[in-house]
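> Have a look; sequence and predicted model below, questions after that.
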Amino acid sequence: PAARIASNMEKYHANPWTMVEDKIIYTFDEVDMNHPVKLLPNYPWLELVTETWLQNRLLALFKSRRMIVTWLMVFLHTWLTMFRENAAVFFVSSKEDKSDELVRRAKFILDYMPDDMILKPAYKYTFCKITFPNLGSRIEGVPEGADQLRQYGATAILDDEIGFWERPRETFMASKPTIDGGGRVTCISSPQEGFFKDLCFDLIR
């Protein structure tokens, strides 16, 4: 098992999608009362989204609920945090409770990773935060708003359902220094007219 875990860690560090292929990433489906815990499916479009995310530091993506894009993005940002020292990753939603829901998804993913396949770093969950004490890294949930991120340096920011926020433009512009500093910003949302659509179609001035 030790040799396999060592080999897996090298593979997983290089490419997060291999963790999906190895069937170690689990999600929770609130709709399915009988079998709520499910593997993140190995769908071709999810692999394409993963490749696109790895290659682009700014990504804006339309989604629909059953495409499981939110779960994929939570996983990818969790991967980024657990394989990097001093990473600061932020999950941003319209309200703090919704941001905490995303953080709890990350905890769920971590909890269900099988110990015989991967060496997980130590982690601790509190409301709206997961810390990785041995790495000096963290995942933090914050509500939308220009002042929420301005005080932090971020490795990556995930904006969830940004199309339905009250202040999407101000929040996005406040996170722009993350991109300029070499980090990444990912914006996902169900289709909606307004700032998010303009962002997706490069209409932002």
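That came through, no problem. Residues are numbered from 1 along each chain as shown.

> what's the spacing between Glu161 and Cys187?
Here Glu161 is placed at a distance of 10 Å from Cys187 (Cβ to Cβ, to the nearest Å). (Glycine included, C-beta is placed from N, CA and C.)

> quick one: which of the two has more around it?
Cys187 (25 against 20; other Cβ atoms under 10 Å).

> Tell me the secondary structure at Val185.
What DSSP: H, G, I helix; E, B strand; the rest coil gives for Val185 is strand.

> Tell me the bridge partners for it.
Val185 has these beta-bridge partners by DSSP bridges: Leu58, Ile157.

> Verify the stated contact: it with Ser175.
Yes. Val185 lies in contact with Ser175 (Cβ atoms under 8 Å); the separation is 5.4 Å.

> and for these two, which residues touch both?
Common neighbours of Val185 and Ser175, using Cβ atoms under 8 Å, 6 or more residues apart in numbering, are Ile157, Asp159.

> Name the residues of the lowest-mean-pLDDT helix or strand in the chain that come out as buried.
Of all helical and strand segments in the chain, the minimum by mean pLDDT, DSSP states H and E falls on helix 146-150, at a mean of 70. Going by neighbour count (16 or more other Cβ atoms under 10 Å), the buried part of helix 146-150 is Gln148, Leu149.

> got it, and stretch 168-186?
So stretch 168-186, judged by 16+ other Cβ under 10 Å, has buried residues Pro168, Arg169, Thr171, Phe172, Ala174, Ser175, Thr178, Gly183, Arg184, Val185, Thr186.

> All good on my end, thank you.
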